[in-house]
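In: A predicted structure for the sequence below; I have some questions about it.
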Amino acid sequence: MAVDKKLVKDYAIRLGDDALVLGHRLSEWCGNGPFLEEDLALANVALDYLGRARMFFNYAAELAADGSTEDTYAYTRDCRDFGNLLINELPRGDFAFTMARQYLVDEFSMAFMQALCDSNDPILAGIAEKARKEARYHLRRSTDWMLRLGDGTPESHDRLQQAMTDIWGYTQEMFEVDALEERLIKAGIAVDVVALRQGWSARVSETLAQATIEQPRDDWSVSGGRRGVHTESLGHMLAELQFLQRAYPAQQW
Amino acid sequence: MKPLELIDVIPAAEQTRRQRRSDSPCFPLWDLLDKVCDPEIPALSLWQLGVLQDIEAHGREITVTITPTYSGCPAMTAMAEDITSALAAVGYSEVKIETRLSPAWTTDWLSVEAREQLRGTGIAPPLTTIKCPRCESVEVQLVSEFGSTACKALCQCSRCAELFDYFKPL
């Protein structure tokens, strides 16, 4: 079944947005990490995400064939054009919040990239093959932090518990499928995220139990990122991320 | 006696890559690019690292295919520039660098020779058992999952106290 290239382009852009936005949040720790090694680690994980964003955006630009480049997508679109999941744009919070989000996203990302490796689209599958290996490493590290913070001091435990409670309602959105994805799933191109939910929940429950963290109840959730409806945090982030290109259009290093 | 873990098992993708080089009609270019090294790990050439995948010549136009180590490795841009300038230095001004993502880069592609070169410069090569590159002790501790570059972790030897980089298996 032939699929409109525009659909694949839009899909690549939203996956790029996920990576760019989370990568930027992680990069905010650079120079602010709790200790040197952690500072390096967060910056390195941020770089992996930035690299992932570039691969998705470059592919989107190739499909668009309208003169767009990776920078067009990163620097010249406004909030409503960004299709990232809301969980990725939330402010970095304290270290417990950053690692709680990272763990929940890493568990998702690992399963997602694994599934995207089987995509009928060879470029998306190639990007996923690359990202999957890095996701495994990220996950190992963030899982370790869940255990250390959760089962650490009363202070670290309470902060992680609070972070999980604050973030939990944003995890639901990771498993939602919209019309675009439905069409691409039928064509064997996109990942059916609904199918990833059970495995994700089981692994997260196990880790939280080990970390002595109580799993929050599913009594609230928000979504909208995929259709461009964001929290107020994204605008503030883009103001910083895009400042240079907005003030000095097409400026090069 | 050679330690058991140093037996050179060549993965299929690496076999193909080596075959591509030996079948390539533009062998002087491969030899030329052997002089281009990883800017952050100068002990290894891009060929040894597994980044250099293919070279094709169409008249004076050269297409070089590379595979990134890590998605966000900042050295990739420098590597592409170094390839372009090495070729420009011998008169090839039209150089195109293409990126190939699949098969994804893996440390399995590093030859025994390359691993030895890493060890020689104080970097523990990617093996399941981490050994101190200075005193060969296996009693080592992981200090940080990330070291001086994305591809390395930071370790410390419990015997001789050497702090060293460990090239992570990927």
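Out: All right, it came through fine. Since the structure is predicted, the reported quantities are computational estimates derived from the model, not experimental observations. Residues are numbered from 1 along each chain as shown, chains lettered A, B, ... in the order given.
In: where in chain B is pLDDT low?
Out: Chain B contains residues with pLDDT under 70 at B:1-8.
In: now do the domain split for it, please.
Out: Split into domains by automatic domain parsing, chain B comes to B:10-107, B:110-167.
In: now A:G23: how far from chain B?
Out: 8 Å (C-beta to the nearest C-beta, to the nearest Å). (C-beta placed from N, C-alpha, C; glycine too.)
In: so how far is the host helix or strand of that residue off the chain centroid?
Out: For A:G23, the host element (DSSP states H and E) is helix A:5-27. Averaging C-alpha positions (C-alpha atoms, centre = their mean, to the nearest Å) puts helix A:5-27 8 Å from its chain's average.
In: show me what that helix is packed against.
Out: Under the contact definition 3 or more C-beta pairs under 8 Å, 6 or more residues apart in numbering or on different chains; DSSP states H and E, helix A:5-27 sits against helix A:36-64, helix A:70-75, helix A:86-89, helix A:95-116, helix A:122-150, helix A:179-186, helix A:232-241.
In: which one, of those helices, ends up nearest to A:V222?
Out: For the helices and strands packed on helix A:5-27, the distance to A:V222 is smallest for helix A:86-89, at 6.3 Å, taking C-beta to C-beta.
In: which other residues reach the closest one?
Out: Outside helix A:86-89, the residues that touch it by C-beta atoms under 8 Å, 6 or more residues apart in numbering or on different chains are A:18, A:21-22, A:25, A:101, A:104-105, A:167, A:170-171, A:173-174, A:222-225, A:230-231, A:233-234, A:237.
In: next, count neighbours for the nearest residue to A:P216 once chain neighbours are set aside.
Out: With C-beta to C-beta, 6 or more residues apart in numbering or on different chains as the criterion, A:P216 has its nearest non-adjacent residue at 3.8 Å, and that residue is A:W168. By other C-beta atoms under 10 Å in any protein chain shown, the residues close to A:W168 number 20.
In: contacts only, for the spatially most central residue of chain B.
Out: For chain B, the residue nearest the mean C-alpha position is B:L49 (1.5 Å; C-alpha atoms, centre = their mean). Each residue near B:L49 by C-beta under 8 Å, 6+ apart is listed here: B:D38, B:I41, B:T69, B:L110, B:A114.
In: with mean neighbour count and mean pLDDT added, can I get the helices and strands packed on helix A:5-27 in a markdown table?
Out: Below are the helices and strands packed on helix A:5-27 laid out as a markdown table (neighbours: other C-beta atoms under 10 Å in any protein chain shown; pLDDT from 0 to 100):
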| stretch | mean neighbour count | mean pLDDT |
| --- | --- | --- |
| helix A:36-64 | 22 | 94 |
| helix A:70-75 | 19 | 96 |
| helix A:86-89 | 24 | 98 |
| helix A:95-116 | 23 | 98 |
| helix A:122-150 | 20 | 95 |
| helix A:179-186 | 16 | 97 |
| helix A:232-241 | 15 | 97 |
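In: which of these sits closest to B:T77?
Out: Closest among the helices and strands packed on helix A:5-27, using C-beta to C-beta: helix A:36-64, at 10.7 Å.
In: packing partners of the closest one?
Out: Against helix A:36-64 (3+ C-beta pairs under 8 Å, 6+ apart) you get helix A:5-27, helix A:70-75, helix A:95-116, helix A:122-150, strand B:140-144.
In: one step back: CSV please, covering the helices and strands packed on helix A:5-27 and showing distance to B:T99.
Out: What follows is these, written out as CSV (distance: least, C-beta to C-beta, whole Å):
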stretch, distance to B:T99
helix A:36-64, 9
helix A:70-75, 12
helix A:86-89, 25
helix A:95-116, 18
helix A:122-150, 10
helix A:179-186, 24
helix A:232-241, 24
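In: out of those, which gets nearest to B:A150?
Out: Closest to B:A150 of those, according to C-beta to C-beta: helix A:36-64, at 5.0 Å.
In: before we move on, back to that, which two in the contacts of B:L49 are spaced the farthest apart?
Out: Spatial extent of these (C-beta to C-beta) is set by the pair B:T69 and B:A114 at 13.1 Å.
In: ok, these two, which is more surrounded?
Out: Neighbour totals were compared for B:T69 and B:A114, and B:T69 leads with 24 against 21 (other C-beta under 10 Å).
In: read off the pLDDT value for the closest residue to A:A74 other than its chain neighbours.
Out: Nearest residue to A:A74 in three dimensions, chain neighbours excluded: A:L20, at 5.9 Å (C-beta to C-beta, 6+ apart). At A:L20, the pLDDT value in this model is 98.
In: thought A:L20 was touching A:Y49?
Out: Yes: counting by C-beta atoms under 8 Å, A:Y49 is a contact partner of A:L20 at 7.3 Å.
In: what's the neighbour count on the spatially closest residue to B:W105 that is not a sequence neighbour?
Out: Leaving aside its sequence neighbours, B:W105 sits nearest to B:T67 (C-beta to C-beta, 6+ apart; 4.8 Å). Counted by other C-beta under 10 Å, the residues lying close to B:T67 total 24.
In: the one 10 residues further on now?
Out: By the criterion of other C-beta under 10 Å, B:T77 has 11 neighbours.
In: assign it to helix, strand or coil.
Out: At B:T77 the chain is in helix, as set by DSSP: H, G, I helix; E, B strand; the rest coil.
In: flag every residue of chain A that's near chain B.
Out: A:23, A:37-38, A:40-41, A:44-52, A:54-55, A:122-123, A:125-127, A:129-134, A:137, A:140-141 (C-beta under 8 Å from any C-beta of the partner chain).
In: from the middle of its chain, how far away would stretch B:127-139 be?
Out: Counting by C-alpha atoms, centre = their mean, stretch B:127-139 is centred 20 Å from the centre of its parent chain.
In: to A:Q161, which of the helices and strands packed on helix A:36-64 lies closest?
Out: Distance to A:Q161, taken as C-beta to C-beta, is lowest for helix A:122-150 among these, at 7.6 Å.
In: just checking, what packs against the very next helix or strand once past the closest one?
Out: Next helix or strand after helix A:122-150 toward the C-terminus (DSSP H and E): helix A:154-167. Helices and strands touching helix A:154-167, by 3+ C-beta pairs under 8 Å, 6+ apart, are helix A:95-116, helix A:122-150.
In: mean confidence score for helix A:154-167?
Out: Helix A:154-167 comes out at a mean pLDDT of 98.
In: give the buried residues for that helix.
Out: A:S156, A:H157, A:R159, A:L160, A:Q161, A:A163, A:M164, A:D166, A:I167 (16 or more other C-beta atoms under 10 Å in any protein chain shown).
In: do you know how far the closest residue to the first one other than its chain neighbours is from A:F97?
Out: Meaning A:S156. Sequence neighbours aside, A:L149 is the residue nearest to A:S156 in space, at 4.4 Å (criterion: C-beta to C-beta, 6+ apart). As judged by C-beta to C-beta, to the nearest Å, A:L149 and A:F97 stand 11 Å apart.
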